[in-house]
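Enquirer: return a 3D structure for these sequence lines:
(one chain, ligands or ions: 1)
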Amino acid sequence: MNPPSFIDLHSHLAPGVDDGSASVEESLTCLAALRAEGVGALVTTPHLLLPHLATDSDIDAQLDFHRQAFDELAEAASGRRDLPAIGLGQEIWAPDAAQIRRVVRRTDVGLGRGRFLLVEFGFDLKGTHEDVVRAVLDAGRGIVVAHPERYRYRPGVPPLEQMRRWRELGALLQVNAGSFNGHYRNQNSAAEGLAWGMVEAGMVDLVSTDHHGIRRMGVSLREAFEALAGRGEQELAERVLARAPGQVVRADLVAGDSEVVSSPGAVGSSRSP
Ligand SMILES: [Fe+2]
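Expert: Purely as a prediction, here's the structure:
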């Protein structure tokens, strides 16, 4: 089996801004390891915790903080052929439509400045959160739901049915690479089974690392590729680890220059790129 060049759309490798990588050196170490296992391009997505940011100027300050950390990393990575190309995005915590509407029209928010937003609803779901999906799509953006296999669903709500509903509305579902081999077993015993259940149901759109730096290693796109291919899902693996994320960012990702050509319509017109 010959893996394609992977594209990772979810990681916490902007140094010193969240619970991910703590320093430029740590980020460079992680990026080199990712490149060695076949990652060609990566968008790092620091947490943007909207419920903790009271005002628009708090959001501005947080995005500036992310940008400065990313620029510092990009400068250190410049010219290094042993690293993936890098871009900047956010993992946006938005439990309801009112929260996501605070950022949904900002051009400085999105995966690699493209049209897609990476959104998480919170680990303990409080409702269907379908209003968040609608608010993003109504604004003409695309939405990637981060790691739905890791959420704790409300009693009586079958997780795969809720996921199907988000997807029918137009969301893409992003599974964490580590879920396929039980990386989150200690936090959520259901995540592994749900990840494979999503494979069986045809509901995996993207697989990303959600890499949090050297203190939380053990997430590998290569291992996810091999796990999927080992169960006869090589075509799916190539799509969700390489082709689909490539279409989401339509990337000209260059270290030090995260300007990405967004592709209105190209991905949004087909939820299964
Ligand atoms: Fe994350």
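Enquirer: contacts, neighbours, all on C-alpha from now
Expert: Fine.
Enquirer: wait, doesn't Val144 sit right on Phe116?
Expert: Yes - counting by Cα atoms under 8 Å, Val144 touches Phe116, with 6.8 Å between them.
Enquirer: who has more neighbours, the two?
Expert: Phe116 (28 against 25; other Cα atoms under 10 Å).
Enquirer: wait, that one touches Gln247, no?
Expert: No - counting by Cα under 8 Å, Gln247 is not a contact partner of Phe116; they are 10.6 Å apart.
Enquirer: any weak-confidence spans in the protein?
Expert: 1-2, 216, 251-273 (pLDDT under 70).
Enquirer: where do the helices sit along it?
Expert: Using DSSP state H, the helices of the chain run over residues 24-36, 56-77, 97-101, 130-138, 159-169, 191-200, 221-230, 234-238, 244-249.
Enquirer: for Leu9, which of those is the nearest?
Expert: Taking Cα to Cα, helix 244-249 is the member of these nearest to Leu9, at 6.7 Å.
Enquirer: neighbours around Ser189, how many?
Expert: Ser189: 13 neighbours (other Cα under 10 Å).
Enquirer: err, Glu72, not the other one
Expert: Using other Cα under 10 Å: Glu72 sits among 14 other residues.
Enquirer: mind listing what's buried in stretch 106-117?
Expert: Using 16 or more other Cα atoms under 10 Å as the test for burial, stretch 106-117 gives Asp108, Val109, Gly110, Leu111, Gly112, Arg113, Gly114, Arg115, Phe116, Leu117.
Enquirer: now the end-to-end length of it.
Expert: Chord length of stretch 106-117, first to last residue, is 11 Å (Cα to Cα, to the nearest Å).
Enquirer: same check on stretch 38-50?
Expert: 33 Å.
Enquirer: returning to what we had before: pick the most deeply packed of the helices of the chain.
Expert: helix 244-249 (a mean of 23; mean count of other Cα atoms under 10 Å).
Enquirer: dump that one to CSV, restricted to CA.
Expert: The C-alpha trace of helix 244-249 is given here as CSV (Å, rounded to 0.1, in the frame of the first residue of the first chain):
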residue,chain,number,x,y,z
ALA,A,244,-11.1,15.8,0.8
PRO,A,245,-9.0,18.0,3.1
GLY,A,246,-7.1,19.2,0.1
GLN,A,247,-10.4,20.3,-1.4
VAL,A,248,-11.5,21.9,1.8
VAL,A,249,-8.6,24.3,1.9
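Enquirer: check the offset of that helix from the chain's centre.
Expert: On the basis of Cα atoms, centre = their mean, to the nearest Å, helix 244-249 sits 11 Å off its chain's mean C-alpha point.
Enquirer: re the thing from before, got the helices of the chain as CSV, with distance to Tyr151 columns?
Expert: Converted to CSV, the helices of the chain look like this (distance: least, Cα to Cα, whole Å):
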stretch, distance to Tyr151
helix 24-36, 26
helix 56-77, 25
helix 97-101, 18
helix 130-138, 15
helix 159-169, 9
helix 191-200, 8
helix 221-230, 20
helix 234-238, 23
helix 244-249, 22
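Enquirer: buried residues in stretch 145-161?
Expert: For stretch 145-161, burial by neighbour count (16+ other Cα under 10 Å) applies to Val145, Ala146, His147, Pro148, Glu149, Arg150, Tyr151, Arg152, Tyr153, Pro159, Leu160.
Enquirer: does Gly246 touch Pro4 like I think?
Expert: No - Gly246 is beyond contact range of Pro4, at 11.5 Å (criterion: Cα under 8 Å).
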